[in-house]
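Participant: From the sequence below, what's the structure:
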Amino acid sequence: MIKPNIFRLATKELSQDGFFTWLLQWADNDHSQHDQHLNETAKDFVRLLLKQTPDFQINKVKAGRQWNNIDIWAEINDEYFIGIEDKTNTGEHSEQLERYKQIATDHYKDKNYKLVFVYLKTGNESSATLKKVLEKGYSTIDRRDVLSVLNQREVNNEIFNDFKEYLTAIENQTTSFTKFENIISDWKAGEGFFIKLQELIQEWTDWRYVPNQTGGFLGFWYHWQGTNDIGEIYIQIENAFEYGIKLVIKIADWEPSTETLYELLDEIKPYAEKNGISIVKPDKYRAGATSTLAIIENAFSVDNEGNFEIDKFLMTLKALEKTIDEYCEEQNTAGNTQ
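Facilitator: Down below sits the predicted model:
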């Protein structure tokens, strides 16, 4: 039986805000006498936030929550201000990062403080959206970064160890995508699969939950290629979990027409066959702003032990990229000669 853990019950961002604020407060020198290991780990956490080396001395720490809507704030050695936007499973929105940064900048403009802004994410998020966070002047710290600090030494504290176990469980779920069954049954494993693809695919990619009338899916998309006359064609993975996972060709920025979808499928099929993949139409064509043009058959292969063969999947993606490239290139060439 799994030991009860408060953080599996208190999963909201406010609970996580409380833990990280509590940990920051433990970094003050005065608390070393109460628990030296926790104090040293808390100091390592501050160094992580400040991107400082292990020899950076931390003496005085003040920390709190919800100052002018900033999730977590800290003042270090009367020298640094840290503003933290703390996220679990949601992303930033409504230009909140810019607002919080401006609030802190205005408040400290006459004080001799160095300002540091951190986007702290313990859930999973696409690297495409994290890149936008970086562009707004925030550093990003993820679950693995936090665990690297929490795992550095043994700390005999129930709150600390409950949170560490909670984050470790999320990490284990996320990395369990190596088993195909987990990809199509566990949301975190599905996210982990997409995170791994972002690491392996050497071009822009993005992923997130896509709501629709049938319950939505976890979607991943990349490799947009335009044609002169039709629109844009791209690759998408749709993971609807118990309803199945599909690798598809999508079309966007076009004049919606089911007749066009049938024509395009017939035109692209020879290119797919040439590259060793089989494509078929979906059960029903629906012409909309974005539409599914084709489904790739047998895209996901599994070995005898249930392991997802990601190397074979990457080869399928390469063949699909080449199919789309060759088709779009020929269409554009033909259009330019007319």
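
Participant: make it CA atoms for all contacts and neighbour counts henceforth
Facilitator: Will do.

Participant: Who are the contact partners of the nearest residue to K43 once chain neighbours are set aside?
Facilitator: Nearest residue to K43, sequence neighbours excluded (C-alpha to C-alpha, 6 or more residues apart in numbering): A27, at 4.8 Å. The contact partners of A27, by C-alpha atoms under 8 Å, 6 or more residues apart in numbering, come to 39-43, 46, 58-61.

Participant: Narrow the residues you listed to just the buried residues.
Facilitator: 39-43, 46, 58, 61 (16 or more other C-alpha atoms under 10 Å).

Participant: out of the residues you listed, who's nearest L247?
Facilitator: The shortest approach to L247 among these belongs to V46, at 42.8 Å (C-alpha to C-alpha).

Participant: Might one say that the closest one is in contact with L24?
Facilitator: Yes: counting by C-alpha atoms under 8 Å, V46 touches L24, with 6.9 Å between them.

Participant: Tell me where the stretch 101-250 of the chain has helices.
Facilitator: 127-135, 143-150, 158-174, 180-183, 187-200 (DSSP state H, counting those that start in this stretch).

Participant: so which of those helices is the most packed in?
Facilitator: Most buried of the helices of the stretch 101-250 of the chain, by mean neighbour count (mean count of other C-alpha atoms under 10 Å): helix 180-183, with a mean of 22.

Participant: quick check: mean pLDDT across that one?
Facilitator: The pLDDT scores in helix 180-183 average 98.

Participant: So P256 is in contact with Y285, correct?
Facilitator: No: here P256 does not reach Y285: they are 10.7 Å apart, not a contact under C-alpha under 8 Å.

Participant: E75 and T41: what is the separation?
Facilitator: Remark: distance between E75 and T41 (C-alpha to C-alpha, to the nearest Å) = 17 Å.

Participant: show me the contacts for K188.
Facilitator: 124, 170, 173-174.

Participant: what's the farthest-apart pair in those residues?
Facilitator: Based on C-alpha to C-alpha, the longest span within the contacts of K188 runs between N124 and Q173 and measures 11.1 Å.

Participant: The closest residue to H223 other than its chain neighbours: neighbour count?
Facilitator: Nearest-residue entry for H223: Y234, 5.3 Å, with adjacent residues in sequence omitted and distances by C-alpha to C-alpha, 6+ apart. When neighbours are counted by other C-alpha atoms under 10 Å, Y234 registers 21.

Participant: So which of the helices of the stretch 101-250 of the chain is nearest K269?
Facilitator: helix 187-200 (25.5 Å).

Participant: Can you add distance to Y271 and give the helices of the stretch 101-250 of the chain back as TSV?
Facilitator: TSV is the format used below for the helices of the stretch 101-250 of the chain (distance: least, C-alpha to C-alpha, whole Å):
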stretch	distance to Y271
helix 127-135	30
helix 143-150	42
helix 158-174	35
helix 180-183	29
helix 187-200	24
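
Participant: Nearest to the spatial middle of the chain, which residue is it?
Facilitator: Central residue of the chain (C-alpha atoms, centre = their mean): E125, 1.8 Å from the mean position.

Participant: what about that one, distance to Y119?
Facilitator: E125 sits 12 Å away from Y119, going by C-alpha to C-alpha.

Participant: quick one: strands adjacent to the longest strand along the chain?
Facilitator: Longest strand of the chain, by residue count under DSSP state E: strand 217-226. Sheet partners assigned to strand 217-226 using DSSP bridges are listed as strand 205-210 (antiparallel), strand 232-239 (antiparallel).

Participant: how far away is R208 from I268?
Facilitator: From R208 across to I268, the span is 28 Å (C-alpha to C-alpha).

Participant: now the longest strand of the chain, how far from the chain's geometric center?
Facilitator: Averaging C-alpha positions (C-alpha atoms, centre = their mean, to the nearest Å) puts strand 217-226 15 Å from its chain's average.

Participant: Would you mind getting the angle between it and helix 187-200?
Facilitator: Strand 217-226 runs at 20 degrees relative to helix 187-200, counting by axes from the mean of the first three to the mean of the last three C-alpha atoms, to 10 degrees.

Participant: Run through who's touching the helix or strand hosting I82.
Facilitator: Here I82 sits within strand 80-87, counting by DSSP states H and E. Strand 80-87 is contacted from outside by 13, 16-17, 49-50, 70-76, 97, 100-101, 104, 113-123, using C-alpha under 8 Å, 6+ apart.
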